[in-house]
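got a predicted structure here, sequence first:
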Amino acid sequence: MAPASSRRSGFSKKQQYSVFTGYLLATIGALVGLGLLAISLWQPSVFQPLRGAANDAASPVGETTAAVRAGGNNTWDTISGFWNAGSQNAELRREVELARIRIAEAEAVETENRRLKALLGLANDEVEPIAWSRLVGSSSSSARRFAYIGVGSSDGVETGMPIHSERGVIGRVLETARGSSRVLLLTDSESVLPVRRASDQTVAFAEGRGDGLLRIRLINLGLNPLEIGDVFVTSGAGGYYRPGVAVAVLNEVTSDGGIAQLIAEPAATNYVVVEPIFEPLAVEASDVRERDELTDEELQD
């Protein structure tokens, strides 16, 4: 007896009908497909409603898929951002630090330019300066307060000439060399400068205390009219300094005057100008009087 797999279908009417039906449906499907293809090529707009319906049906599924895909991307970005946050923060800190350094350098250059412009404005004043120079250094650890500048006798600098910054008086030349000079600062314990209050004609002496401050001692004793915040300028007396140059600001009132802060701090000064002595004849007369007093004291001894 032959196996079932090798039996021919012609021996069973049911199998014959099944095979015939399959062929018929295949032929009808092919014909319908060819007809639909011909219609789509000839009249494409006929199937537009069907395509719209299919798109509407598939749109929710597509949106869901897109949302899942976007959520996955966001999750991945979050995870990767978490792992990369350390290196990115370090890089940002480095960039911020570099930016701060560049800003500080730019501010330093701007400040330097302002100081130089102020010195140029001071040089264009009614008094023609002798020279200008960088303030090389100043002492701050003893009662004697000196500074040094990079110009000397070869530049026309002489003993007694006043030294100014863009803010006010610094001191006066004490000794000169050929290419440098030593400056007696106003805060030195041996420095005495005639001053007056800027708001009126209240006169006083600004005496150095050796600690960076000035002692304002009133000439006319009595009721002390000074107040904290008063600004003192040079009076022109003594012959060294021209009048009206800023000196100090009062920050403490005492019985005979007050304690003042120097306006032109040597530690914060880069460039200075050397001005000629305001009244050379007055200075010479004062030097003669001092020599005569010394001679009288020697004779008495």
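Cool, the structure landed.

can you pull out the strands in this structure?
Here the chain has its strands, by DSSP state E, at 131-138, 146-149, 162-164, 169-176, 181-185, 192-197, 203-208, 213-218, 231-234, 246-253, 257-262, 271-274.

mind giving me JSON lines with these and columns for distance to residue 93, mean pLDDT and mean neighbour count?
Quick note: C-beta positions are derived from backbone N, CA and C, even for glycine. Shown next, in JSON lines, are the strands of the chain (distance: least, Cβ to Cβ, whole Å; pLDDT from 0 to 100; neighbours: other Cβ atoms under 10 Å):
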{"stretch": "strand 131-138", "distance to residue 93": "36", "mean pLDDT": "82", "mean neighbour count": "16"}
{"stretch": "strand 146-149", "distance to residue 93": "41", "mean pLDDT": "90", "mean neighbour count": "21"}
{"stretch": "strand 162-164", "distance to residue 93": "44", "mean pLDDT": "92", "mean neighbour count": "26"}
{"stretch": "strand 169-176", "distance to residue 93": "42", "mean pLDDT": "92", "mean neighbour count": "22"}
{"stretch": "strand 181-185", "distance to residue 93": "43", "mean pLDDT": "92", "mean neighbour count": "23"}
{"stretch": "strand 192-197", "distance to residue 93": "50", "mean pLDDT": "92", "mean neighbour count": "21"}
{"stretch": "strand 203-208", "distance to residue 93": "47", "mean pLDDT": "93", "mean neighbour count": "21"}
{"stretch": "strand 213-218", "distance to residue 93": "42", "mean pLDDT": "93", "mean neighbour count": "21"}
{"stretch": "strand 231-234", "distance to residue 93": "45", "mean pLDDT": "91", "mean neighbour count": "22"}
{"stretch": "strand 246-253", "distance to residue 93": "41", "mean pLDDT": "92", "mean neighbour count": "19"}
{"stretch": "strand 257-262", "distance to residue 93": "39", "mean pLDDT": "93", "mean neighbour count": "21"}
{"stretch": "strand 271-274", "distance to residue 93": "36", "mean pLDDT": "90", "mean neighbour count": "23"}
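
export those to TSV and tack on distance to residue 103?
Shown next, in TSV, are those (distance: least, Cβ to Cβ, whole Å):
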stretch	distance to residue 103
strand 131-138	25
strand 146-149	31
strand 162-164	31
strand 169-176	30
strand 181-185	33
strand 192-197	39
strand 203-208	38
strand 213-218	34
strand 231-234	32
strand 246-253	30
strand 257-262	29
strand 271-274	23
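
ok, which of the ones you listed comes nearest residue 33?
Of all these, it is strand 271-274 that lies closest to residue 33, at 96.5 Å by Cβ to Cβ.

what strands line up against that closest one, and which way round?
With DSSP bridges as the test, strand 271-274 is paired with strand 131-138 (antiparallel), strand 162-164 (antiparallel).

which one of those lies nearest to residue 172?
Of all these, strand 162-164 sits nearest to residue 172, with 5.0 Å by Cβ to Cβ.

quick one: low-confidence parts of the stretch 51-200 of the chain?
Residues of the stretch 51-200 of the chain meeting the criterion pLDDT under 70: 51-87, 97-98, 100-102, 104-126, 139-143.

please repeat the previous calculation with a cut-off of 50.
For the stretch 51-200 of the chain, the stretches flagged by pLDDT under 50 are 123-124.

tell me the contacts of residue 157?
For residue 157, the contact set (Cβ atoms under 8 Å, 6 or more residues apart in numbering) comprises 130, 131, 149, 151, 173, 176, 181, 274.

and if you look at residue 200?
The contact partners of residue 200, by Cβ under 8 Å, 6+ apart, come to none.

and if you look at residue 207?
Taking Cβ under 8 Å, 6+ apart, we find residue 207 in contact with 191, 192, 193, 214, 215, 217.

the same query, at a cut-off of 7 Å, please.
When contacts are counted by Cβ atoms under 7 Å, 6 or more residues apart in numbering, residue 207 touches 192, 214, 215, 217.

then residue 269?
Residue 269 touches 135, 165, 170, counting by Cβ under 7 Å, 6+ apart.

nearest to residue 280 among the contacts of residue 207?
residue 192 (19.2 Å).

isn't the closest one up against residue 214?
No. Residue 192 lies out of contact with residue 214 (Cβ atoms under 7 Å); the separation is 10.1 Å.

sorry, back to before: now tabulate the contacts of residue 269 in a markdown table and tack on distance to residue 250.
A markdown table is the format used below for the contacts of residue 269 (distance: Cβ to Cβ, whole Å):
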| residue | distance to residue 250 |
| --- | --- |
| 135 | 25 |
| 165 | 20 |
| 170 | 19 |
